[in-house]
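Chemist: below is the sequence, then the predicted model.
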Amino acid sequence: MKYARSEAKSYAKDNMTGIWAATLTPFTDDLSLDEDGFRENVRHWTEDLGIQGLFISGKQGEFYAMTIEERKRTLELAVEATGDHAQTIMSVSDQSLDVVLDLAQHAQSAGADYIIVHAPLLHFTRQQDETLLAYYRTISERVDIGIALWSHPDSGYLMSPQLCSRLADLENVVAIKYSVPRDMYSELSTLASDRIQVSTSSEDEWLDNIIELDWRLYLCSSPPFLLQSKADRRMHDYTQAAFAGNHDEARAISRSLDPVRAALKNTRPAEKPHAHQKYWQELLGQVGGRVRAPMLELTDAEKHATRQAFEECGLST
């Protein structure tokens, strides 16, 4: 690790900044892990696009369809491919706490910068705050690496700003991916930004959050490598303009991406997000590949519609 446990919060405050992307995992035609393709994507994302951190093997990365060893391997590949020019955060989420701890300890020993842990599914509970405090406290006590929390409706509930503020007191909790309505994450920013970085994955709200909430971390989803190319880094550009206080310039650049956003969103079948994003990657020259069950592949007609929208959206390649 690059920091001691006691330094986790200060290290993250200084270094966990900018645009972070949630990686998709490429699988070959026989559905095996495409290691070379993954390495090339990581290199492109971090060197050509300037993405500052990568979220490895989360829901975008189809972790639920991967073995524990494959999840460990993707982390190792990402650490190797990013080198010194980007950071990594390893998703160690699982319903089994033993698996969470195994993955967390592997991430720590393999050189990851941070881990992220999704709030677990809970059964037969109505007032779950003490359960979640105990859950995250256990993880915190078993590893030294910086931990990001993750609250999303997929858990069946949302952690309240007040609970998240209590969790922010844990020594090595450094951030939260807070996939909640804006009033909730705004409240948490007020309560806990002195102890953790608060972020959400909506690119649509990122610019407003820089300007209005003084956020410096986008953590994280796939738009950073789907809305950009080596020749067209407008998300990077509007982010840097906003960081520099040039808000009018930032808004103008961001608005220019509206046709790209629309093309990406309007052609995506509701039940096929991963296959659609991987096909969009291929249109951009990245390695997309297949999806694993239970996810579905695109039909030829869906690919045709996506390609047509891509070619007309104005994204330079």
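Modeler: Done, it's in.
Chemist: rest of the way, CA atoms for contacts and neighbours
Modeler: OK.
Chemist: right, and the helix or strand after the helix or strand of the chain with the lowest mean pLDDT?
Modeler: Ranked by mean pLDDT, DSSP states H and E, the weakest helix or strand in the chain is strand 217-221, scoring a mean of 93. Note on strand 217-221: by DSSP states H and E, the next helix or strand toward the C-terminus is helix 223-226.
Chemist: name the residues that touch that next one?
Modeler: Applying C-alpha atoms under 8 Å, 6 or more residues apart in numbering, the contact partners of helix 223-226 are 19-21, 45, 49, 51, 203, 235, 277, 280-281, 284.
Chemist: follow-up on the earlier one: how about the CA coordinates for the least confident helix or strand of the chain, as PDB?
Modeler: Only the C-alpha atoms of strand 217-221 are listed here, as PDB (Å, rounded to 0.1, in the frame of the first residue of the first chain):
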ATOM      1  CA  LEU A 217     -14.500  13.200  -7.600                       C
ATOM      2  CA  TYR A 218     -16.600  11.400 -10.200                       C
ATOM      3  CA  LEU A 219     -17.000   7.800  -9.000                       C
ATOM      4  CA  CYS A 220     -18.000   6.300 -11.400                       C
ATOM      5  CA  SER A 221     -19.700   4.700 -14.400                       C
END
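Chemist: partners of that strand, with directions?
Modeler: In the sheet, strand 217-221 lines up against strand 18-22 (parallel) (DSSP bridges).
Chemist: show me what the strand it pairs with is in contact with.
Modeler: Under the criterion C-alpha under 8 Å, 6+ apart, residues 51-58, 60-61, 216-225, 236, 239 lie in contact with strand 18-22.
Chemist: ok, 7 Å please
Modeler: Contacts with strand 18-22, where a contact means C-alpha atoms under 7 Å, 6 or more residues apart in numbering, come from 51-56, 60, 216-222, 224.
Chemist: the residue lying closest to residue 160 once chain neighbours are set aside - how many residues pack around it?
Modeler: Sequence neighbours aside, residue 184 is the residue nearest to residue 160 in space, at 7.6 Å (criterion: C-alpha to C-alpha, 6 or more residues apart in numbering). Counted by other C-alpha atoms under 10 Å, the residues lying close to residue 184 total 16.
Chemist: wait, residue 184 touches residue 161, no?
Modeler: Yes: using C-alpha atoms under 7 Å, residue 184 is in contact with residue 161, at 6.3 Å.
Chemist: next, format the contacts of helix 223-226 as TSV and append distance to residue 192, pLDDT and neighbour count.
Modeler: Formatted as TSV, the contacts of helix 223-226 follow (distance: C-alpha to C-alpha, whole Å; pLDDT from 0 to 100; neighbours: other C-alpha atoms under 10 Å):
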residue	distance to residue 192	pLDDT	neighbour count
19	21	98	21
20	21	98	29
21	23	98	26
45	30	98	26
49	31	98	20
51	26	98	22
203	22	97	19
235	27	98	23
277	34	98	21
280	37	98	23
281	36	98	20
284	39	98	20
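Chemist: now the strands: where do they sit in this structure?
Modeler: Per DSSP state E, the chain carries strands over the ranges 18-22, 53-56, 87-91, 114-118, 146-151, 173-178, 197-199, 217-221.
Chemist: looking at those, which has the lowest confidence?
Modeler: For the strands of the chain, mean pLDDT drops lowest on strand 217-221, to a mean of 93.
Chemist: sorry, back to before: and the residue nearest to residue 160, how far from residue 202?
Modeler: 14 Å (C-alpha to C-alpha, to the nearest Å).
Chemist: with residue 119 instead?
Modeler: For residue 119, the distance to residue 202 (C-alpha to C-alpha) stands at 19 Å.
Chemist: neighbour-wise, which of those two wins?
Modeler: Counted by other C-alpha under 10 Å, residue 119 and residue 202 do not tie: residue 119 has more neighbours, with 23 against 17.
Chemist: in this structure the more buried one contacts residue 153, no?
Modeler: No: using C-alpha under 7 Å, residue 119 is not in contact with residue 153, being 9.6 Å away.
Chemist: could you pull out the helices for the stretch 201-317 of the chain?
Modeler: For the stretch 201-317 of the chain, helices defined by DSSP state H, counting those that start in this stretch occupy the ranges 203-213, 223-226, 234-243, 247-255, 258-266, 273-283, 300-312.
Chemist: what about the stretch 151-300 of the chain, any weak spots by pLDDT?
Modeler: Scanning the stretch 151-300 of the chain for pLDDT under 70 picks out no residues.
Chemist: hmm, try it at 90
Modeler: Counting by pLDDT under 90, the stretch 151-300 of the chain shows low-confidence ranges at 220.
Chemist: from the contacts of strand 18-22, keep the buried residues only.
Modeler: 51-56, 60, 216-222, 224 (16 or more other C-alpha atoms under 10 Å).
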